[in-house]
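Q: Quick one, structure for this:
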Amino acid sequence: MLYVIVAALVGITTAIPTQPGCCVPPQWEGVQVDALGIVVGGKATVSDSRVFISYDEPNNRILTHYYITTNGDKWNYKVLQDFNKGIRYVLFNDDVTCQPKPLPGPFKKQCIPADAVSQGNVKLGVGDHTF
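A: You can find the predicted model right below:
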């Protein structure tokens, strides 16, 4: 199986903690955008996605809205994690019915532990087009 990454672009417009012992702000919204191309058995697949995230620590909720396109097929779904109720609600393709499921645990504040150690650098992109 041959995998070739054609393009990858990731951007998150949030305040992400960068130093050990730091936490994200208690409320924020962000967007992640990426594009991917792979070749498996001579067949190319192209996918791109946009993910909108709303993080609400005071109310113990996280809303994630996904828009995904793969080879022209489009999906979108929303996931609301309500930690006060202990339930995850999932809505597919703007369907009016949701699929509630129990959350696996309590709300976790998004922080870098004070004793965190760097695991190395990461590069995104292809060939000379990396950052």
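Q: ok, and the closest non-adjacent residue to Thr45?
A: Using CB to CB, 6 or more residues apart in numbering and skipping the chain neighbours, the partner closest in space to Thr45 is Ile38 (5.2 Å). Bear in mind the C-beta positions are built from the backbone N, C-alpha and C, glycine included.
Q: Pairing partners for the strand or helix carrying that neighbour, with directions?
A: Counting by DSSP states H and E, the element that carries Ile38 is strand 27-40. The strands beside strand 27-40 in its sheet (DSSP bridges) come out as strand 43-56 (antiparallel).
Q: dump the residue contacts of the nearest residue to Cys23 once chain neighbours are set aside.
A: Among residues not flanking Cys23 along the chain, Cys111 sits closest, at 3.9 Å (CB to CB, 6+ apart). Counting by CB atoms under 8 Å, 6 or more residues apart in numbering, Cys111 touches Pro17, Gly21, Cys22, Cys23, Val24.
Q: Phi first, then psi, for Cys111.
A: Note on Cys111: its backbone torsions stand at phi -140, psi 160 [degrees, to the nearest 10].
Q: Strands along this structure, start to end?
A: 27-40, 43-56, 61-70, 73-82, 87-92, 99-102, 125-126, 129-130 (DSSP state E).
Q: residues of the first one that come out buried?
A: Residues Trp28, Gly30, Gln32, Asp34, Leu36, Gly37 are the ones in strand 27-40 that count as buried (16 or more other CB atoms under 10 Å).
Q: quick one: that strand to strand 61-70, angle?
A: 30 degrees (axes from the mean of the first three to the mean of the last three CA atoms, to 10 degrees).
Q: what's the answer for the fifth one, then?
A: Regarding strand 87-92 and strand 61-70, their directions subtend 30 degrees when assessed with the same axes, to 10 degrees.
Q: now strand 87-92 and strand 73-82, what's the angle there?
A: Interaxial angle of strand 87-92 relative to strand 73-82 (the same axes, to 10 degrees): 160 degrees.
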